[in-house]
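>>> Could you look at this predicted model? Sequence included:
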Amino acid sequence: MLGRTSLFVFLAHWFVYLIAIMSLRDRLPFVRAWPVYFIASVALVTWSAVAWYRLDCNRFITVGYARLHERLLRWRLSHVNAEPTASQG
């Protein structure tokens, strides 16, 4: 699952650590509680990745290779199965 959601995990990780935690680090109390903050942030990223995977949200960030491949395959098959015309010989 992690490999299938790697782009989302990368972006979520960037947001959680560089945006949220780094901006809140002066406001987060108890330096000794940083392992708890870390575990909570890992749980948040993991939970988000699981939700992303279950909702199949990768369809929103695909480049559409499967659809392009289908179109090319149909185009090739239509040209292979086409009847020769008088101009073709």
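Perfect, I can see it now.

>>> Need phi/psi at Thr62.
Phi and psi for Thr62, reported as degrees, to the nearest 10, are phi -80, psi 160.

>>> okay, now it: neighbour count?
9 (other Cβ atoms under 10 Å). C-beta: built from backbone N, CA, C; applies to glycine.

>>> same thing with the one 10 residues further on?
Applying the criterion other Cβ under 10 Å, we find 10 residues in the vicinity of Leu72.

>>> quick one, phi psi at it?
Dihedral pair for Leu72: phi -60, psi -40, per degrees, to the nearest 10.

>>> Render the CA-only coordinates of the helix or strand harbouring His69 in CSV, please.
Assessed by DSSP states H and E, His69 sits inside helix 65-80. Output in CSV follows, covering the C-alpha atoms of helix 65-80 (Å, rounded to 0.1, in the frame of the first residue of the first chain):
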residue,chain,number,x,y,z
TYR,A,65,-1.3,6.2,-19.3
ALA,A,66,-3.9,3.4,-19.2
ARG,A,67,-6.4,5.5,-21.1
LEU,A,68,-3.7,6.5,-23.7
HIS,A,69,-2.6,2.9,-24.0
GLU,A,70,-6.2,1.8,-24.7
ARG,A,71,-6.7,4.5,-27.4
LEU,A,72,-3.4,3.6,-29.1
LEU,A,73,-4.3,-0.1,-29.0
ARG,A,74,-7.8,0.5,-30.5
TRP,A,75,-6.2,2.8,-33.1
ARG,A,76,-3.6,0.1,-34.1
LEU,A,77,-6.2,-2.6,-34.2
SER,A,78,-8.6,-0.5,-36.3
HIS,A,79,-5.7,0.1,-38.8
VAL,A,80,-4.6,-3.5,-38.9
